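Enquirer: Requesting a structural model of the entry that follows:
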Amino acid sequence: MDWIKAINSAIAYMEDHLCDDITLADIARSVHLSAFHFQRSFSLLTGMTPMEYLRKRRLSKAGAELSGSDEKVIDIALKYGYDSPESFTKAFSRFHGCSPLQVKKGSPIQFMNRYTLKITIEGGNIMEYRIEKWEAMDLLVHAKEFDVETSDGEIPKFWDEYYANEEYRKIPSYLGVCAQQKSDDVKFRYGIGCKASDVKGVPDGFEIIHIPEYELAVFTCRGPMPDAIQSMWERVYKEWLPVADYELIPDYDIENYLPGDSSSKDYVSEICIPVRRK
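Expert: The predicted structure is shown next:
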């Protein structure tokens, strides 16, 4: 997968459909990616979600069309997917800092250019990783379904809920497991737990996830949580995947939280992603 090419193609698709009612699944399907995988890669590479980009580009275009024109606010609102002048005015004012009517009278507007992604070569930062062959295994996890568009904020809350439950705390919780959908479904499952062999039986609230045999790229993260692991995810997509001899297999990925003080600058965790040689 050429990640830069795929994201640029997705941006082209969004630009061609700024006035159409398209979903995250539609955009992901246009570049042959699952909704989960597209959401993650786009967000890490651009710094915003696909739907946030789409919303800002629509409001930018709407402002340009209203500025100094005779266009009716309701017509522009409907054109860019808003059901009412009220909802449009609220979003428009938040983006531009002034109302549509003020723009029509000459107030300045905000403009956001279309994005284009390019690979840039920057200073030789070291990424510590290894390629390992993992045998098939079973994991014991407390899992929940998440929406790809809201998961960044919801998963940390899920960890807090886990540790607030006295029974769950009795189960080792050194793994975070993401089960990616291979379709255009915008839902995915995320689990907290350990290897099934660490615990006898399946306690209430837990389930078994079977991880197939895979070759994995294992990235070492150093520093306090959650910044260290979040920063490494960004680097994997921005620095490693575009030029690596391996491509990502959209399936399970695992975050491995090693023993130690997770707030320490020397704390070590790992990101483990299934890959195959290109």
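Enquirer: Low-confidence stretches in the stretch 151-278 of the chain?
Expert: 181-184 (pLDDT under 70).
Enquirer: can you rerun that using 90?
Expert: 151-153, 156, 179-188, 226, 230, 237-239, 241-244, 250-251, 278 (pLDDT under 90).
Enquirer: Spell out, range by range, the strands that occur in it.
Expert: 175-179, 187-195, 207-211, 214-222, 246-248, 252-257, 268-277 (DSSP state E, counting those that start in this stretch).
Enquirer: Which of those sits closest to Leu117?
Expert: Nearest to Leu117, of all these, is strand 246-248, at 16.9 Å by Cβ to Cβ. Yep, even glycine has a C-beta here, placed from its N, CA and C like the rest.
Enquirer: Name every strand pairing with the closest one and say which way it goes.
Expert: Paired strands of strand 246-248, with direction, are strand 268-277 (antiparallel) (DSSP bridges).
Enquirer: The partner strand: which residues count as buried?
Expert: 268-275 (16 or more other Cβ atoms under 10 Å).
Enquirer: As a markdown table, these with distance to Ser107 would be great.
Expert: What follows is the buried residues of strand 268-277, written out as a markdown table (distance: Cβ to Cβ, whole Å):
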| residue | distance to Ser107 |
| --- | --- |
| Val268 | 52 |
| Ser269 | 48 |
| Glu270 | 51 |
| Ile271 | 46 |
| Cys272 | 51 |
| Ile273 | 47 |
| Pro274 | 51 |
| Val275 | 51 |
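Enquirer: and of the strands of the stretch 151-278 of the chain, who's closest to Leu18?
Expert: strand 187-195 (26.1 Å).
Enquirer: Could you chop this protein up by domain?
Expert: Per automatic domain parsing, the structural domains of the chain span 3-104, 129-277.
Enquirer: Let's have these in TSV, adding distance to Asn113.
Expert: As requested, the domains of the chain are arranged in TSV below (distance: least, Cβ to Cβ, whole Å):
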stretch	distance to Asn113
domain 3-104	8
domain 129-277	20
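Enquirer: most tightly surrounded among these?
Expert: domain 3-104 (a mean of 18; mean count of other Cβ atoms under 10 Å).
Enquirer: Quick one: end-to-end length of it, please.
Expert: Start to finish, the residues bounding domain 3-104 are 40 Å apart (Cα to Cα, to the nearest Å).
Enquirer: Could you report the pLDDT at Val73?
Expert: At Val73, the predicted lDDT confidence score is 93.
Enquirer: got it, and Pro108?
Expert: For Pro108, pLDDT reads 90.
Enquirer: Wait, Glu270 touches Thr220, no?
Expert: Yes - judged on Cβ atoms under 8 Å, Glu270 makes contact with Thr220 at a distance of 6.0 Å.
Enquirer: now the helices for the stretch 51-200 of the chain?
Expert: Remark: helices assigned in the stretch 51-200 of the chain by DSSP state H, counting those that start in this stretch are 73-79, 85-96, 100-104, 151-164.
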